[in-house]
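# I would like the atomic coordinates for the input below:
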Amino acid sequence: MDAVIALPPASGATAAACTALGLSRASVHRRRTRLTQPPAEPAPRPSPPRALSAAERQTVLDLLREPRFADLAPAEVYATLLDEGVYHCSIRTMYRILDDHAEVRERRDQLRHPVYSKPELLAEGRDQVWSWDITKLMGPAKWSYFYLYVILDIFSRRVVGWCVVDAESAILFKALFDDTLAKHAVPPGQLTLHADRGGPMKAKATALMLADLGVTKSHSRPHTSNDNPFSEAHFKTLKYQPEFPARFGCIEDAKDFCRRFFAWYNQDHHHAGIGLMTPDQVHYGQADDIHAARQRTLDYAFSTNPERFVKKPPQPPAKPAAVWINPPQNNPKPPSLN
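Below is the predicted model of the structure:
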């Protein structure tokens, strides 16, 4: 058909081509007309008699933009006006008017969350950065809990303070922190205390206490467990112990278990993140001597049976040197948490 349409209309060839091809001359003519003439403008649609006038539509729009209605959905505006004895139009018409002015969207003020900066903390020795957190220990009955508070030195991984209580409270933490700080004789201005954004951590009482003691406070970003990795990993170590019970019979049972666990953890647990040393060994400055003794043992093993070491003389795991929470992107991978 396209070839027939392209023939000159006045040449008389169109009729012969249609007869030869079995095409309708009327169909060819209509198609040629559509292609060669601009489309006719559609007739204006008459406004239905029940439609609002331009002035009435502007009145409704001004009403929807009033301060008392600016944050409300049209249904709320409709109901409020109806209760005041006022009717302008239906809810659907309100939506149409708003849509004509590109104002159909969430009309309430959107909650704008503050931008939280990523904490970047470095510890190159003990008592420089402590991390603390709270975890629940299940009690004897359903929905009953005890609360374990733990303060951890991120450089040595040593648990420097802990307590088991029956509630979350900034006041209870203040007593624990005061005692822990005094026990370790940390001078003002040296320590940073890092925590997540739980209630006791963000409490005004906690902030005032830390300011009075000369301790810098640091917080994780919301819903970002990786910002407090050492406390999270420590609780995993605690709760994955084979003897960790499903429930504690009473608070004294919980305290007794934690007392034994923290003694083992600090004194006997060879931590992968600190060169397979115990937290006490690193915390109390024994890392250099232990690393040197391990190296002597491995040197002797190498000199005795060098054929057993294929690539190079053996070395003990590296001593802890610097520990980061969220190291900068150009820094090496942080040490293991376990």
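# alpha carbons only for contacts and neighbour counts from here, please
Will do.
# Who are the contact partners of T180?
With contact taken as Cα atoms under 8 Å, 6 or more residues apart in numbering, T180 is in contact with V160, G161.
# Doesn't it belong to a helix?
Yes - according to DSSP: H, G, I helix; E, B strand; the rest coil, T180 belongs to a helix.
# what's the neighbour count on H101?
Around H101 there are 9 other residues, counting by other Cα atoms under 10 Å.
# Look at it and report its pLDDT.
H101 carries a pLDDT value of 88.
# what about it, distance to T59?
Between H101 and T59 the computed distance is 14 Å (Cα to Cα, to the nearest Å).
# again with V165
Separation of V165 from T59 (Cα to Cα) stands at 63 Å.
# what do you get for H270?
77 Å.
# Please apply the same query to F261.
73 Å.
# For A167, give me its contacts.
Taking Cα under 8 Å, 6+ apart as the contact definition, A167 lies against F146, Y147.
# Tell me the secondary structure of it, please.
Recorded secondary structure, A167: coil (three-state DSSP).
# what do you get for L193?
Of the three states, L193 takes strand according to three-state DSSP.
# And for it, the neighbour number?
Counted with other Cα under 10 Å, residues neighbouring L193 total 19.
# now swap in the one 5 residues further on and tell me
Residues within reach of G198, counting by other Cα under 10 Å, total 14.
# same thing with the one 4 residues further on?
The local packing count at K202 equals 16, with neighbours defined by other Cα under 10 Å.
# my guess is Q267 contacts T278, does it?
Yes - using Cα atoms under 8 Å, Q267 makes contact with T278 at a distance of 5.9 Å.
# These two: which has the busier surroundings?
More crowded of Q267 and T278, by other Cα under 10 Å: T278, with 24 against 15.
# quick one, strands of the stretch 101-250 of the chain?
Ranges of strands in the stretch 101-250 of the chain, per DSSP state E, counting those that start in this stretch, are 121-123, 129-138, 145-153, 159-165, 192-195, 216-219.
# got a markdown table for those strands, with mean pLDDT and distance to Y95 too?
Formatted as a markdown table, the strands of the stretch 101-250 of the chain follow (pLDDT from 0 to 100; distance: least, Cα to Cα, whole Å):
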| stretch | mean pLDDT | distance to Y95 |
| --- | --- | --- |
| strand 121-123 | 95 | 52 |
| strand 129-138 | 96 | 50 |
| strand 145-153 | 97 | 51 |
| strand 159-165 | 97 | 56 |
| strand 192-195 | 96 | 47 |
| strand 216-219 | 95 | 44 |
